[in-house]
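S.K.: Fold the following for me, if possible:
(one chain, ligands or ions: 1)
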Amino acid sequence: MEPKVLKNYIDGEWIESQSDELLNVRNPATNEVIAQVPMSTTDEVDEAVQAACVAYQDWRETTPFARARYMFRLKNFMEERFEELSQIIVQEHGKIIDEARGEVRRGIENIEVAAGVPSLMLGYNMEDVSQGIDEDCVYQPAGVFCCVAPFNFPNMVPLWFLPYAVACGNTYIVKPSEQCPMSQNMLFEILDEIDFPPGVVNLVNGDKRAVDALLEHPDMVGVSFVGSTPVGKYLYAKAAQHGKRAQVQAGAKNCLVVMPDSVLNQTIPSIMTSSFGTSGQRCLSGSLVVAVGEVYEPLKEKILEAASQIKVGYGLDETVQMGPVVSKKSLDRILGYIEKGLEEGATLSLDGRGVTVENYPDGNFLGPTIFSDVTPEMTIAQDEIFGPVLGIIPVDSFDEAMDVIHRSPFGNAASLFTTSGKWAREFKYRVQVGNIGINIGIAAPIASFPFSGMKDSFFGDLHGQGRDAIQFFTERKVVISRWF
Ligand code: NAD
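M.R.: Take a look at the predicted model:
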């Protein structure tokens, strides 16, 4: 059977792209082509922006309560297709089914928070700012926004933005990852079913060409980007050049610091899910364990023991604990980093390269891979590897561990494992990252909080999710009035 060619969703209709450039979407466990995705043209982007502009006129006048009701409907329809959505994520991305379910759940939670828009969008006022003069601040929608999404949370990431944007009265365009566009396609089937007015939400598949067209379009107000740091930097500069507001969530290199006083039996499972969950392809993945003092040897031993028991395979099998990486290209890049680690003198304590998975000989599988005796200067300690490769760095003190974190240009996440309130407080206070875990391996903020990040992991001032999202998707207008 020919693989399905995905369509764009513009102005309430599914539309075949005119582009003759199609990319194959492959199941990472089998490398079978499961769909084809078009690289949409500049004209198609323009059609979507125009439809969103027209829709904005009525949508902004729809009451916040009516807009919130769409959020309730969206949530209910997503709950109905919860398992189907989770399964399609496994097929396009490779993560295991439980992680896919977690992803869909986190997406729905953002819709639930955005449904609070009748309260979240309240302005404020003050009487008598001068004699007989009052001042009001009102929150208004701003127009057409878009999102450029990464492959690693293909269903959830657009939901960090879209629900807040449209609940605030804006109209929206999603440009999904061309590597994993299928669960976004399914989300738009749901958005179609719940009958948003045409043009309020739109989907344009594509690559750099579509992204550039979105950013250059005179009617685009702002962009939310999630992806790698080099692309994020490019996009942030381009958004500024064209006068767009931008929130740019980018790459990461996250440290998990383990103190000698930590409870090892509880710390090990957190390290396993942080470093090997989603095959290390999370922006919150723990990529380095920094072992302080005498904990190094016992910690290393326990990590190796736990990691060597992780069952690798096809994510739809409920017993599997780690799936393949997203593509052959990613696999090659990660294998290159393993070679580099060896060249630079790290000890390969667990080698995941020989892993085989019964019935899936063509998948992009790599078992958990662990380097010990890593030093902070090594490439594997500096670059974002984005795969199931963990480095363990021994240090002598808490201060040295902080130095390891701070020499990285990234500032996405870091965790501390300890039983000491003093060290926990010191860590929270000093560490220059946006998402902090204390005895938590994956410091993922829930939808009511901003998904933070700093340094080369975030460009902009307002993050995704929660109150930041409401600020990002509104104008604050101030009215100063006097009546004679
Ligand atoms: P990517 O940067 O390759 O792609 C992200 C998006 O940008 C895609 O939609 C892609 O089509 C588009 N794009 C790619 N090259 C472009 C170019 N030259 N010009 C314009 N657009 C371009 O990222 P990815 O590999 O899909 O995702 C993984 C990255 O995302 C990792 O670095 C990860 O850390 C990061 N990430 C960050 C967060 C966060 O919140 N900080 C969350 C998830 C993922």
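S.K.: how about the residue of the stretch 351-484 of the chain at minimum distance from the ligand, what does it touch?
M.R.: Proximity of the stretch 351-484 of the chain to the ligand (Cβ to the nearest ligand atom) peaks at Gly453, 4.9 Å away. In this view, the C-beta of every residue, glycine as well, is placed from N, C-alpha and C. Counting by Cβ atoms under 8 Å, 6 or more residues apart in numbering, Gly453 makes contact with Gln249, Ala250, Ala252, Cys283, Gly411, Asn412, Ala413, Val433, Gly434, Asn435, His463.
S.K.: so what pLDDT did the residue lying closest to Leu162 once chain neighbours are set aside get?
M.R.: Distances taken as Cβ to Cβ, 6 or more residues apart in numbering place Tyr172 nearest to Leu162, at 5.3 Å, with adjacent residues excluded. pLDDT, Tyr172: 99.
S.K.: and the helix or strand containing Tyr172, which strands flank it?
M.R.: Using DSSP states H and E, Tyr172 falls within strand 171-175. Sheet pairing for strand 171-175, assigned by DSSP bridges, gives strand 144-148 (parallel), strand 201-203 (parallel).
S.K.: out of the ones you listed, nearest to the ligand?
M.R.: Taking these one by one with Cβ to the nearest ligand atom, strand 144-148 is closest: 4.8 Å.
S.K.: re the thing from before, got the contact list for the strand holding Tyr172?
M.R.: Counting by Cβ under 8 Å, 6+ apart, 45, 48-49, 52-53, 55-56, 59, 143-149, 158, 161-162, 165-166, 184, 188, 199-206, 210-211, 214 sit against strand 171-175.
S.K.: can you tell me which of these are in helices?
M.R.: Applying DSSP state H to those, the entries found in helices are 45, 48-49, 52-53, 55-56, 59, 162, 165-166, 184, 188, 210-211, 214.
S.K.: Which pair in those has the greatest spatial separation?
M.R.: Based on Cβ to Cβ, the longest span within these runs between Trp59 and Val211 and measures 24.1 Å.
S.K.: neighbours around the closest residue in space to Leu335 that isn't next to it in sequence, how many?
M.R.: Using Cβ to Cβ, 6+ apart and skipping residues adjacent in sequence, the residue nearest Leu335 is Arg353, 6.9 Å away. Arg353 has 14 neighbouring residues, counting by other Cβ atoms under 10 Å.
S.K.: could I get the strands paired with strand 171-175 as CSV with distance to Val292, mean pLDDT and mean neighbour count?
M.R.: Shown next, in CSV, are the strands paired with strand 171-175 (distance: least, Cβ to Cβ, whole Å; pLDDT from 0 to 100; neighbours: other Cβ atoms under 10 Å):
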stretch, distance to Val292, mean pLDDT, mean neighbour count
strand 144-148, 39, 98, 27
strand 201-203, 48, 98, 28
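S.K.: can I get those strands in TSV with distance to the ligand?
M.R.: Shown next, in TSV, are the strands paired with strand 171-175 (distance: least, Cβ to the nearest ligand atom, whole Å):
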stretch	distance to the ligand
strand 144-148	5
strand 201-203	12
